[in-house]
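**Student:** Here is my input, please return the structure:
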Amino acid sequence: MARFLLVHGSCHGAWCWRDTLPALFALNHEAKAIDLPGHGADPMPIRKVTFDSYVDAIAAATVAETIVVGHAMSGFMISAAAEKAPQKIAHLIYIAAYTPQDGLSLDDVRGAAPTRKNTPAIQTSQDQLSVTLDPSDIEDFFYHDCPEGTLNYAGPRLCPEAIAPQHTPVSLSKAYSSMPKSYVVCKNDRAISPAYQALMAANFPKRNVHEIGTGHSPFFADPNGLASVLDQIAKDVA
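**Tutor:** A predicted model of the protein is given here:
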């Protein structure tokens, strides 16, 4: 049995792991998902959300020998949590996630992605503190291969994403570089290029790079398949 902590990406919440949690329980693992500050049921106002508040929430939810799983944006935050609480984290798993570079922000790494003809559109709030996903792009880029009804479930739960954490450079040291890591490339991702995912995972041991044949949201598109990949990673690192 392994212990997983599941961390959502931009604009999502713990709710996006709805189908993955029972799939992990069925494989006899312990797992929980958290809301980052300002997401889901967490009441923190956008103006108070910081990169450190995200990292602190992850570290606080982590107990000994936890495998911490980050999707998309939260690849940066789980990496920083490994700096903050390395004694509690056994392994980091990145699912279609941005991987950090010392001194760069999430926005820097996102901006380094190869230019694509079509990318998800975002809308900036009037106070310039947050962004939201363009409703017309949500299904095509994030849920195009998910079961019918996914957008009806996820759409009303999506929330604004604070801008400040995405512009905060991350500082990495030996604690992060020595932490065991795995990457799960989503082969049909329309939000983050699979080629860029593979590039971000290029420094990982080849045996630690896995693939799943879904778009950006495997937790909805194939929760059992995702749980199976996480299960295999846990077995490999046991």
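**Student:** Identify the nearest residue to A14 in space, disregarding sequence-adjacent positions?
**Tutor:** Of all residues beyond its chain neighbours, the one nearest A14 is A33 (3.9 Å), with distances taken as Cβ to Cβ, 6 or more residues apart in numbering. No exception for glycine: its C-beta is placed from N, CA and C like everyone else's.
**Student:** Would you agree the one you found is in contact with D19?
**Tutor:** No: the criterion here is Cβ atoms under 8 Å, and A33 misses it with D19 at 11.1 Å.
**Student:** For the longest helix along the chain, buried residues please.
**Tutor:** Counting residues, the longest helix found in the chain (DSSP state H) is helix 223-237. With burial defined by 16 or more other Cβ atoms under 10 Å, the residues of helix 223-237 counted as buried are P223, L226, A227, V229, L230, D231, I233, A234.
**Student:** Look at the residue lying closest to the third one once chain neighbours are set aside and report its pLDDT.
**Tutor:** What sits nearest to A227 in space, not counting adjacent residues and going by Cβ to Cβ, 6+ apart, is A23, at 3.5 Å. pLDDT for A23: 98.
**Student:** so where's this structure uncertain?
**Tutor:** 115-118 (pLDDT under 70).
**Student:** residues in contact with the residue nearest the centre of it?
**Tutor:** If you average the C-alpha coordinates of the chain and look for the closest C-alpha using Cα atoms, centre = their mean, you land on H71, 1.5 Å from that point. When contacts are counted by Cβ atoms under 8 Å, 6 or more residues apart in numbering, H71 touches L6, V7, H8, G9, H12, C16, I95, A96, A97, F219.
**Student:** still on that earlier bit, measure the residue nearest to A14 to A195 for me?
**Tutor:** Distance from A33 to A195, counting by Cβ to Cβ, to the nearest Å: 28 Å.
**Student:** more crowded one of these two?
**Tutor:** Set side by side, A33 and A195 show unequal neighbour counts under other Cβ atoms under 10 Å, the larger going to A33 at 21 against 13.
**Student:** Note down every partner strand of the helix or strand where the more buried one lies and its orientation.
**Tutor:** Element membership for A33 (DSSP states H and E) is strand 30-34. Strand pairing for strand 30-34, using DSSP bridges, gives strand 3-7 (parallel).
**Student:** relative to helix 223-237, how tilted is the strand it pairs with?
**Tutor:** Direction vectors for strand 3-7 and helix 223-237, defined by axes from the mean of the first three to the mean of the last three Cα atoms, to 10 degrees, enclose an angle of 130 degrees.
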